[in-house]
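1. Generate a structure from the sequence data that follows.
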Amino acid sequence: MKIKVNGELRTVRSEPDTPLLWVLRDELELKGTKLGCGIGECGCCNVLLDGEPLPSCALLVGEVEGEVTTIEGLGTPARPHPVQTAWLEENVVQCGYCQPGQMLSAAALIASNPRPDRAAIDAAMSGNLCRCGTYPRIRRAVHRAAELVRVSGASRPADEVR
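-> Purely as a prediction, here's the structure:
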C-alpha cells in the first residue's frame, strides 16, 4: 500500500486493518505520534488527514485516503509552524506526552478559523485530554499561534510549513 505522509508518498507493508498509529510509529519510525487511550477518545495520537484532526489509533491504514500530517510534518527546526512557536512562547508543555495531538488539533482549528475565540478553541480542543491540566496555557498558545499566522500573512498555517 502507498500512503502520503508529511508530503511524501510512502510504501507500507502492514495489513490494511492495522491502526495507522502503529504504521506511523513502527513501520515509518515517526515516533512523535503517541498512544494514549487506544480507542480514539483522548486525542493523544491525533494526526491530520487532509487537514482534519483524527485519532490514528482508530483509523485503519487501509482506510487512509488523502495526506497524513504528523507532528514531524508540521514544521521544521529551521522553520517551525506558528503553533510550535506559540507552544514554546507560552511554555505550554509540562510532561509533553499529549502535545503532538494538541498541536495538530490547534493547527487544524487555525487553518479553518484564523480568529478563534475562547469558545471556538475550547470546542476544537475538547477532544484532546491533558493529564497535567495545561489547558489555560494551551488556550493562550492557540490565540498566540492564530496571531502569528495573521501577522505572517499566511492564508493557512500549512503555508508556513511548505
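2. Can you point out the helix or strand that includes the residue positioned nearest the centre of the chain?
-> In the chain, the residue lying closest to the centroid (CA atoms, centre = their mean) is Leu104, at 1.8 Å. Element membership of Leu104 [criterion: DSSP states H and E] is helix 99-112.
3. Buried residues, that helix. List them.
-> Residues 99-111 are the ones in helix 99-112 that count as buried (16 or more other CB atoms under 10 Å). C-beta: built from backbone N, CA, C; applies to glycine.
4. ditto for stretch 86-93
-> Using 16+ other CB under 10 Å as the test for burial, stretch 86-93 gives Ala86, Trp87, Glu90, Val92, Val93.
5. where's the second one relative to Leu48, distance?
-> Put plainly, it is Trp87. Distance, Trp87 to Leu48, using CB to CB, to the nearest Å: 16 Å.
6. now do Lys4
-> In terms of CB to CB, Lys4 sits 12 Å off from Leu48.
7. what residues are shared contacts of the two?
-> Val68 (CB atoms under 8 Å, 6 or more residues apart in numbering).
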